[in-house]
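> Below are the sequence and a predicted model for it; my questions follow.
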Amino acid sequence: MNLDPNHTTIEEFPLSEEGEACEEEKEEDEDEDKDTQDNNNKDEEVNQGSAEGPEPTMAKQKRGPRKKKGKAASPVINPKTVVIVCSLAIISTAEMKKPKSHRETKARLLETPASIEWVDFQAWLYYLIRDTLYPRAGATEILQFDFSLFEATYTIPRHVLNALPLLASADYAYLLKNAMKVKDPSVKIVIIEKSRQLWAQKAFEAGKENNSDIEPSKKRAKKSTVYYCYVPANGLHFLLSHEHFEKWGAAWLRSDSTANLDKPLHIPLFDPITPRSLATKSPLLQAHLNAMANKGKATAAAPAAPVINIVMPNDMFGTLHPAFAPAPGPLHPFPTSQQPITTLQPLIPPHLQPGVKLDIDTFCLVHGLSNNILEKFRKHAYTGTQVFCYLDIQELKELGFKPGEIVDLKEAILEWAVPMLPL
């Protein structure tokens, strides 16, 4: 059996013994009818001769039994040796909505013997339609396939010019009767999908992608942006992943005292990111903190302050010499303008020292600063926290920082800076 999707051939099926017996009985009945007709013709000739009287000539000789004349037997068509070529044109519902000139028809070829039953022929049509319109249908969808949702018609050249329906066994028998009249039987079958399969309609509505010619949805469903999080006592939202759920559930099943619905596990996986925990988790930041602490201890262990000696000159207070007259002041003093004295306001308070060196992106992320503050630092090429030692409030205003942004930055610097070590 050929399983080519575009060219399908069905093997011949042998004729049953009952069919062969029926053909032999028909031939015997025809021979008996011919013998009876010959005997009737003989009786009519004898009766006509007796009515006219005996002929004076020589007596008639009796005829023996009439021999049957040999007659050429009419060719008997064996359905199992005749192959009908069926050309199928399959049209889906999506194509039927288009104008007739723009429709795309799926063509398939099926070669079947004339002896095949209607049930088997319908099954082959079913497989060809399924493989053409729903090539990726699963086992569940195949069981739900409904053949009644398709409309099938056929035509036979020079015998059935108008399209006739092909829905039942009687329609199939009429198709075979007319197809056998042709030396090379060929049938054109048009199959139209009247409505989608129920499972295909559900898949279409859900936006499922398949290779069938169902019309795709114009608007795709938006992806869900829902995330699961845990809100601890401090109010910070902590995002949960599959790993969190797996370990939390396993600990809860083991013991309620270890974890429950309101209390997660006390493991590093469930630690939220805070300004303090970030430094403790990072080995690099922890090494910087240890180095700074060791440096402060070395400074505290320095020797005591040196002794300072002051030498005072003789007659420093002018007791031995008279006092000099005061120098006269200028006759025309020039007017002097007092310049306003501006006091610098550094970002790092005097009692604090710079904390761990971070890049500006990490600093803004850890301390929850807005993107506007980060963009201003990037715009002026400030890359890390080392710039806080050289900036003051006035320079921030010149860079375009708003008062609220300056307050947020000062709060973040207070959290980031560390206290000065005592001398």
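Thanks, I have it. Residues are numbered from 1 along each chain as shown.

> Isn't Lys376 up against Lys402?
No. With contact defined as Cβ atoms under 8 Å, Lys376 does not count as touching Lys402 (9.7 Å). Every residue, glycine included, has its C-beta placed from N, CA and C.

> Comparing the two, which residue is more hemmed in?
Lys376 (18 against 13; other Cβ atoms under 10 Å).

> how far away is Thr155 from Ala163?
Note on Thr155: its distance to Ala163, by Cβ to Cβ, to the nearest Å, is 5 Å.

> of the two, who's got more company?
The neighbour count for Thr155 versus Ala163, taken as other Cβ under 10 Å, is higher for Thr155 (16 against 13).

> Report how many residues lie close to the residue found closest to Val82 once you drop the neighbours it is linked to in the chain.
Spatial nearest neighbour of Val82, excluding adjacent residues (Cβ to Cβ, 6 or more residues apart in numbering): Ala114 at 4.3 Å. Counted with other Cβ under 10 Å, residues neighbouring Ala114 total 20.

> What is the end-to-end distance of stretch 158-177?
13 Å (Cα to Cα, to the nearest Å).

> wait, I meant stretch 155-175
Across stretch 155-175, first to last residue, Cα to Cα, it's 9 Å.

> re the thing from before, quick check on the residue nearest to Val82: phi, psi?
phi -70, psi -10 (degrees, to the nearest 10).

> Use 52 as the first number from now on
Right, with 52 as the first residue, what we last looked at is Ala165.

> Would you confirm that it contacts Val233?
No. Contact between Ala165 and Val233 fails when scored by Cβ under 8 Å: they sit 11.3 Å apart.

> outside of stretch 409-422, which residues touch it?
324, 326, 329, 336, 424-425, 428-429, 433-436, 456, 459-460, 462-463, 466-467 (Cβ atoms under 8 Å, 6 or more residues apart in numbering).

> buried set for that stretch?
409, 411, 414-415, 417-418, 420 (16 or more other Cβ atoms under 10 Å).

> from those, which is closest to Leu290?
Val417 (16.6 Å; Cβ to Cβ).

> ok, now how distant is the closest one from Glu168?
79 Å.

> my guess is Arg209 contacts Val233, does it?
Yes. Arg209 lies in contact with Val233 (Cβ under 8 Å); the separation is 7.5 Å.

> who has more neighbours, those two?
For Arg209 versus Val233, the count of surrounding residues by other Cβ under 10 Å is larger for Val233: 15 against 8.

> Identify the residues contacting the more buried one.
207-210.

> quick one, phi psi at it?
phi -100, psi 150.

> Would you mind measuring from it to His210?
7 Å.

> same deal with Ile242?
For Ile242 relative to His210 (Cβ to Cβ), the value is 20 Å.

> Please say which of the two ends up with more neighbours.
Counted by other Cβ under 10 Å, Ile242 and His210 do not tie: Ile242 has more neighbours, with 24 against 15.

> you'd agree that one is up against Phe201?
Yes. Counting by Cβ under 8 Å, Ile242 touches Phe201, with 5.5 Å between them.

> which SSE is Glu446 in?
For Glu446, the host element (DSSP states H and E) is helix 444-449.

> how about the strands of the stretch 152-301 of the chain, start to end?
157-164, 201-207, 211-216, 237-244, 280-281, 289-290 (DSSP state E, counting those that start in this stretch).

> between the first one and strand 237-244, how many degrees?
This means strand 157-164. The directions of strand 157-164 and strand 237-244 differ by 130 degrees, with axes from the mean of the first three to the mean of the last three Cα atoms, to 10 degrees as the criterion.

> hmm, back to that, the strands of the stretch 152-301 of the chain into JSON lines, with extra columns for distance to Asn229?
Formatted as JSON lines, the strands of the stretch 152-301 of the chain follow (distance: least, Cβ to Cβ, whole Å):
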{"stretch": "strand 157-164", "distance to Asn229": "15"}
{"stretch": "strand 201-207", "distance to Asn229": "5"}
{"stretch": "strand 211-216", "distance to Asn229": "5"}
{"stretch": "strand 237-244", "distance to Asn229": "9"}
{"stretch": "strand 280-281", "distance to Asn229": "73"}
{"stretch": "strand 289-290", "distance to Asn229": "72"}
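
> of all those strands, which lies closest to Ile444?
Here strand 289-290 is closest among the strands of the stretch 152-301 of the chain (Cβ to Cβ), at 35.3 Å.

> Can you list the strands that that closest one pairs with?
strand 280-281 (antiparallel) (DSSP bridges).

> ok, residues contacting the partner strand?
Contacts for strand 280-281 (Cβ under 8 Å, 6+ apart): 288-291, 295, 315, 321.

> Of the residues you listed, which is the most crowded?
Pro315 (21 neighbours).

> Please look at it and Gly300 and confirm they touch.
No. If you go by Cβ under 8 Å, Pro315 and Gly300 don't touch, sitting 10.7 Å apart.

> buried residues in stretch 313-322?
For stretch 313-322, using 16+ other Cβ under 10 Å, the buried residues are 315, 321.

> rewinding a little: please identify every residue contacting each of Ile242 and Phe201.
Joint contacts of Ile242 and Phe201 (Cβ under 8 Å, 6+ apart) are Ile180.

> What confidence value was assigned to Leu226?
For Leu226, the pLDDT comes out at 90.

> number of nearby residues for it?
Residues near Leu226, counting by other Cβ under 10 Å: 25.

> could I have stretch 463-474 exported to CSV, CA atoms only?
Below are the C-alpha coordinates for stretch 463-474, written out as CSV (Å, rounded to 0.1, in the frame of the first residue of the first chain):
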residue,chain,number,x,y,z
ALA,A,463,22.2,57.1,50.7
ILE,A,464,25.7,58.5,51.4
LEU,A,465,25.0,58.4,55.2
GLU,A,466,24.1,54.7,54.9
TRP,A,467,27.1,54.0,52.7
ALA,A,468,29.8,55.9,54.7
VAL,A,469,31.4,54.3,57.8
PRO,A,470,32.4,56.1,61.1
MET,A,471,35.8,57.6,61.6
LEU,A,472,38.1,55.4,63.7
PRO,A,473,39.4,57.1,66.9
LEU,A,474,43.1,58.1,67.0
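
> and that stretch, what's its mean pLDDT?
Stretch 463-474 comes out at a mean pLDDT of 80.
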